[in-house]
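Participant: Just to be clear, the model below is a prediction. Sequence and coordinates:
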Amino acid sequence: METPMPTRWSGKPYTGFTRLFTGPNDIRDTLIEKLGIEWVASYLDPCDWRESDRTIIPNHAFAATKIRERASGFLRKMNVNVLSPKAGTEARYTVEELCGFAPEKPSRRRAA
């Protein structure tokens, strides 16, 4: 399915660089159908995707809030999570949040 270019409020085609969502196409297609291409281009497309636990990783807190406000019902039906960075920051996630598990820490014991 070919996605039409989003338009700005002036009605002129948006010709700037647009990154497409890297997750499953069915999520993006559903949100385009329900919320429109402009909304998806603004909030979903810049996000990363973690397949292991079906999680959308927004690039900032504002996007996470918008996704939760408008798309949480649709995403819940598709069994999709949204990771949320701290408000007022760009995406600063811990390794545990990004990987979905806590990596083992090296032992500080001295070898005998």
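Facilitator: Alright, I've got the coordinates.

Participant: Next secondary structure element downstream of whichever strand or helix holds residue 69?
Facilitator: Secondary-structure assignment from DSSP states H and E places residue 69 in helix 61-77. Per DSSP H and E, the first helix or strand lying C-terminal to helix 61-77 is strand 81-82.

Participant: That next one - which strands sit beside it in the sheet, and in what orientation?
Facilitator: strand 55-57 (parallel) (DSSP bridges).

Participant: what's the helix holding residue 69 packed up against?
Facilitator: When contacts are defined as 3 or more C-beta pairs under 8 Å, 6 or more residues apart in numbering; DSSP states H and E, helix 61-77 sits against helix 25-35, strand 81-82. The C-beta positions use only the backbone N, C-alpha and C, and glycine is treated the same way.

Participant: excluding its backbone neighbours, what's nearest residue 31?
Facilitator: Nearest residue to residue 31 in three dimensions, chain neighbours excluded: residue 40, at 5.1 Å (C-beta to C-beta, 6 or more residues apart in numbering).

Participant: and residue 43, what does it touch?
Facilitator: 58, 63, 66-67, 70-71 (C-beta atoms under 8 Å, 6 or more residues apart in numbering).
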